[in-house]
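1. based on what follows, work out the 3D shape:
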Amino acid sequence: MLERKIYPSLDIMKFIMAMLILTQHTCNEWAHSTGLIHAFFGLGNFAVPFFFTCSGFLFFSKLNMLNWKEQKNYYKQWSMRIGKMYLIWSIIYFCFVLTMWISNGFTLEKIINYLHRVFVFSTYSTIWFLPALWVGVSICYWLKQHVSKRAIWVIIITLFVIGTLFGSYTNVITRIPTIASFNEWYMEIFITWRNGLFNGVPYVFIGILLSEDFGTKIPKNVSALATVIFCSLFILEAFCISHYKLSSATDMGFFMCFAIFFMINTLIKIDITQKPIWRHCRNLSMLIFLGQRLFLSAIPSILPICVKDTIITWSQPYIYILFITLTLGFSFIVEQLSSKYRFLKNLW
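-> Purely as a prediction, here's the structure:
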């Protein structure tokens, strides 16, 4: 069996994107930064689409090297790995949910609402990425085997347009009463448009295109320039969405898909010598991504309210330093301990 190529450039960018998500959430939930600082950390909007596409690229790059039987086995192994990771993180976060229920009292309504959220979205914020990734990869995997290329394009574009319109242009399309009623019904049941179907599938598909050398003929310099252009256009689009109150969400703009395509197409063309530090970046990126909520919301939810009240009075740099230090420290310790306690590797 051929070995899958390692891309240190992707590992480095994964770490950067994970840090951007952490600082963006810290900015919005604790530091409440405004102006240029808020705009800079808003770059975290690129992170989730990047992780979807990068995961799709790596999964299907490996899949393309296998015969039909090996592909089925690899998909099952990959699904088990994602499922185990999601289950473990869910148990960790549920401990805090249960503690909150015990402390504040819980009702049948709370339990039903929690189970509803678990079934249609996720057991906890941020780790929704794992089931969404599985859904995205699974649908794309099935489409590749059973649907023509032209039909796949139609399906992907349709899902992307629907997700983007309802995700980032909600206040525009819901001016039509029928669409407004549909959106209200959908949100009541499915909670969000940011899921494996409308967010995961389109970006995983971009990963498929890259795994099949869709961007091979584009020179690296041209691809890098296109990355800058489309990232800038998305930032402008996100500003317009926010400024004109087109939606409360700015992370599902139309220019995002082009920015992510050219970004990863550029990165996989950059030749960087493989070093142990880049592997650490890969491991830490997922631990930061999935573990940040421990410090941003899970642990604070069971601490006395005076702790939160004290932290939010700090100057913004100290708040960022606190959550970055806690999350990075936790991620580093878990990675180091995993060499002795191998079960910890299930966390990433």
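2. quick check: next helix or strand after the helix or strand hosting residue 119?
-> Following DSSP states H and E, one finds residue 119 within helix 108-120. Following helix 108-120 in sequence order, the next helix or strand is helix 129-146 (DSSP H and E).
3. right, and residue 301 touches residue 93 too?
-> No - the criterion here is Cβ atoms under 8 Å, and residue 301 misses it with residue 93 at 10.1 Å. In short, each C-beta sits where N, CA and C put it, glycine included.
4. shared neighbours, those two?
-> Residues touching both residue 301 and residue 93 (Cβ atoms under 8 Å, 6 or more residues apart in numbering): there are none.
5. higher neighbour count, the two?
-> Shown here are residue 301 and residue 93; by other Cβ atoms under 10 Å, residue 93 has more neighbours (22 against 15).
6. could you find the closest non-adjacent residue to residue 331?
-> The shortest distance from residue 331 to any non-neighbouring residue, by Cβ to Cβ, 6 or more residues apart in numbering, is to residue 287 (3.7 Å).
7. what does residue 48 give?
-> Nearest to residue 48 is residue 129, by Cβ to Cβ, 6+ apart, at 6.5 Å.
8. give me the neighbour count for the one you found.
-> Residue 129 has 24 nearby residues by other Cβ under 10 Å.
9. for the closest residue to residue 110 other than its chain neighbours, give me phi and psi.
-> Distances taken as Cβ to Cβ, 6+ apart put residue 101 closest to residue 110, at 6.6 Å, once the chain neighbours are dropped. Per-residue torsions, residue 101: phi -60, psi -40 (degrees, to the nearest 10).
10. burial check on residue 101, number of neighbours?
-> 15.
11. distance check, it against residue 184.
-> 29 Å (Cβ to Cβ, to the nearest Å).
12. picking up where we left off before, so which helix or strand takes in the residue nearest to residue 331?
-> helix 276-293.
13. rounded mean pLDDT for that helix, please.
-> Averaging pLDDT along helix 276-293 gives 97.
14. just stretch 130-138 next, same as before
-> Mean pLDDT, stretch 130-138: 98.
15. can you offset everything so residue one is 833?
-> With 833 as the first residue, the last one maps to stretch 962-970.
16. chain center to that stretch: distance?
-> Here the centre of stretch 962-970 is set off from its chain's centre by 11 Å, with Cα atoms, centre = their mean, to the nearest Å.
17. swap in stretch 1158-1169?
-> 20 Å.
18. what's the answer for stretch 1070-1086, then?
-> Centroid displacement of stretch 1070-1086 relative to its chain, using Cα atoms, centre = their mean, is 18 Å.
19. worst mean pLDDT across the helices and strands of the protein, which element?
-> Least confident helix or strand, the chain: helix 867-873 with a mean of 92, by mean pLDDT, DSSP states H and E.
20. which element follows that one toward the C-terminus?
-> Next helix or strand after helix 867-873 toward the C-terminus (DSSP H and E): helix 879-895.
21. report the buried residues of that following helix.
-> 879-895 (16 or more other Cβ atoms under 10 Å).
22. ok and it relative to helix 1108-1125, angle-wise?
-> Per axes from the mean of the first three to the mean of the last three Cα atoms, to 10 degrees, the angle that helix 879-895 makes with helix 1108-1125 is 130 degrees.
23. ok, back up a step: ok, and what's touching the least confident helix or strand of the chain?
-> Here helix 867-873 makes contact (Cβ under 8 Å, 6+ apart) with 852, 855-856, 858-859, 865, 1148.
24. and which of those is nearest to residue 1008?
-> Checking these against residue 1008 by Cβ to Cβ gives residue 856 as the nearest, at 32.0 Å.
25. isn't the closest one right next to residue 865, touching?
-> No - under the criterion of Cβ under 8 Å, residue 856 is not in contact with residue 865, lying 10.0 Å apart.
26. and the gap between the residue most central in space within the chain and residue 986?
-> When Cα atoms, centre = their mean is applied to the chain, the residue found nearest the centroid is residue 880 (2.9 Å). From residue 880 across to residue 986, the span is 24 Å (Cβ to Cβ).
27. what does residue 851 give?
-> Noted for residue 851: a distance of 37 Å to residue 986, by Cβ to Cβ.
28. what of residue 1163?
-> The gap separating residue 1163 from residue 986 is 41 Å, by Cβ to Cβ.
29. which of those two has more residues huddled nearby?
-> Applying other Cβ under 10 Å to residue 1163 and residue 986 shows that residue 1163 carries more neighbours, namely 25 against 12.
30. from the contact counts, what lies against the helix or strand that contains the more buried one?
-> Remark: residue 1163 resides in helix 1148-1169, with elements defined by DSSP H and E. The criterion is 3 or more Cβ pairs under 8 Å, 6 or more residues apart in numbering; DSSP states H and E, and the helices and strands that helix 1148-1169 contacts are helix 840-858, helix 1108-1125.
31. how far off centre is it?
-> So, by Cα atoms, centre = their mean, the centroid of helix 1148-1169 is 19 Å from its chain's centroid.
32. and that helix with helix 840-858, angle?
-> Using the same axes, to 10 degrees: helix 1148-1169 against helix 840-858 is 130 degrees.
33. name the nearest residue to residue 987, ignoring sequence neighbours.
-> Distance criterion Cβ to Cβ, 6+ apart; nearest residue to residue 987, sequence neighbours excluded, is residue 975 at 6.7 Å.
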